[in-house]
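Asker: Return atomic coordinates for the entry below.
(chains A and B)
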2 protein chains.
Amino acid sequence: MSRKSKGINAERELIHLFWEHGWAAIRVAGSGSSKYPSPDVLAGNNLRRVAVECKTCHDLKKYFKKKEIHELKEFAALFGAEPWVGIRFDTLEWYFLSIDDLEETDAGYAASLQLVKLKGLIFSEIIG
Amino acid sequence: MSRKSKGINAERELIHLFWEHGWAAIRVAGSGSSKYPSPDVLAGNNLRRVAVECKTCHDLKKYFKKKEIHELKEFAALFGAEPWVGIRFDTLEWYFLSIDDLEETDAGYAASLQLVKLKGLIFSEIIG
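Answerer: Modelled structure (predicted):
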């Protein structure tokens, strides 16, 4: 399975989780290739809305380009949603990090497995 | 150009319109084929959010299946957005109809060119 397919499968898994818990959720078409900023997943429960940049990770640390995090923030502010980074490490469930909790690097941002376990919210917490 | 491509082009045109006017907008991946209800386009300006079922029309009347209108309503209520039907007749600009303004038929709903001109909002009105 290609990296893109794995990413889409992970996003679909997250979509199912939201619907199972009474939230409406969709995958965004062409996110990452659109000329406009856009997250990978948008979900809402009438009271709150979350815009999620989704990543799968097979190592101990995931890196983000400055641009993708800035665009997530820009989209969320304009649309009216909370910006979150969703990370799915191989053997772990989904974790969600606030942009402010990402580690800043020279080229952008990063989230280590350690950081995710320390500061990340699990799914039941992000919808709670 | 296939009917599907024409539909996607019309949706992209609408996405551009929203961004040009300071709204954030996205196309939904797999709308119409997903197992969950979902609109074609979602847009927001921090204060309001709209879920739009998009249709192009080359005749004088457009028909909607009961299911697609009910799912639009269901999604919008759960997500926290206003449900709208967006129709692009060949020679006209985009018009937006409230679900309540659609004509009910035996098999679902319909919107004639006449109805759209009478009850529909144009783009500047829907974002106004």
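Asker: Next to chain B, which bits of chain A? Give me the list.
Answerer: By the rule Cβ under 8 Å from any Cβ of the partner chain, the part of chain A lying against chain B is A:15, A:19, A:22-31, A:34, A:36-38, A:42-49, A:75, A:77-81. In short, each C-beta sits where N, CA and C put it, glycine included.
Asker: Buried subset of those, written for ChimeraX?
Answerer: In ChimeraX, a selection of the buried entries from these looks like this (16 or more other Cβ atoms under 10 Å in any protein chain shown):
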select /A:15,19,23,24,25,26,27,28,29,31,34,36,37,38,42,43,44,45,49,75,78,79,80,81
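Asker: Looking at the residues of chain A next to chain B, which are in helices?
Answerer: The members of the residues of chain A next to chain B that map onto helices under DSSP state H are A:15, A:19, A:75, A:77-79.
Asker: Throw the residues you listed into CSV and include pLDDT, thanks.
Answerer: Formatted as CSV, these follow (pLDDT from 0 to 100):
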residue, pLDDT
A:15, 96
A:19, 97
A:75, 97
A:77, 98
A:78, 97
A:79, 98
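Asker: Could I get the contacting residues of the closest residue to residue A:80 other than its chain neighbours?
Answerer: Leaving aside its chain neighbours, residue A:80 sits nearest to residue B:46 (4.2 Å; criterion: Cβ to Cβ, 6 or more residues apart in numbering or on different chains). Residues near residue B:46 by Cβ atoms under 8 Å, 6 or more residues apart in numbering or on different chains: A:77-80.
Asker: from those residues, which single one is nearest residue B:88?
Answerer: residue A:79 (23.0 Å; Cβ to Cβ).
Asker: In TSV: the ones in helices among the residues of chain A next to chain B, plus distance to residue B:67.
Answerer: Output for those, formatted as TSV (distance: Cβ to Cβ, whole Å):
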residue	distance to residue B:67
A:15	20
A:19	17
A:75	30
A:77	35
A:78	32
A:79	27
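Asker: Report the buried residues of the lowest-mean-pLDDT helix or strand in chain A.
Answerer: Here the helix or strand of chain A ranked lowest by mean pLDDT, DSSP states H and E is helix A:3-20, holding a mean of 89. Of the residues in helix A:3-20, A:7-8, A:10-11, A:14-15, A:17-19 count as buried by neighbour count, 16+ other Cβ under 10 Å.
Asker: Same question for stretch A:63-72.
Answerer: Residues of stretch A:63-72 classed as buried by neighbour count (16+ other Cβ under 10 Å): A:64, A:68-69, A:71-72.
Asker: List the ones among these that fall in strands.
Answerer: Using DSSP state E, the members of those that fall within strands are residue A:64.
Asker: Strands along chain A, start to end?
Answerer: Under DSSP E, chain A gives strands at A:24-27, A:41-44, A:49-57, A:61-65, A:82-89, A:94-97, A:103-104, A:108-112, A:121-122.
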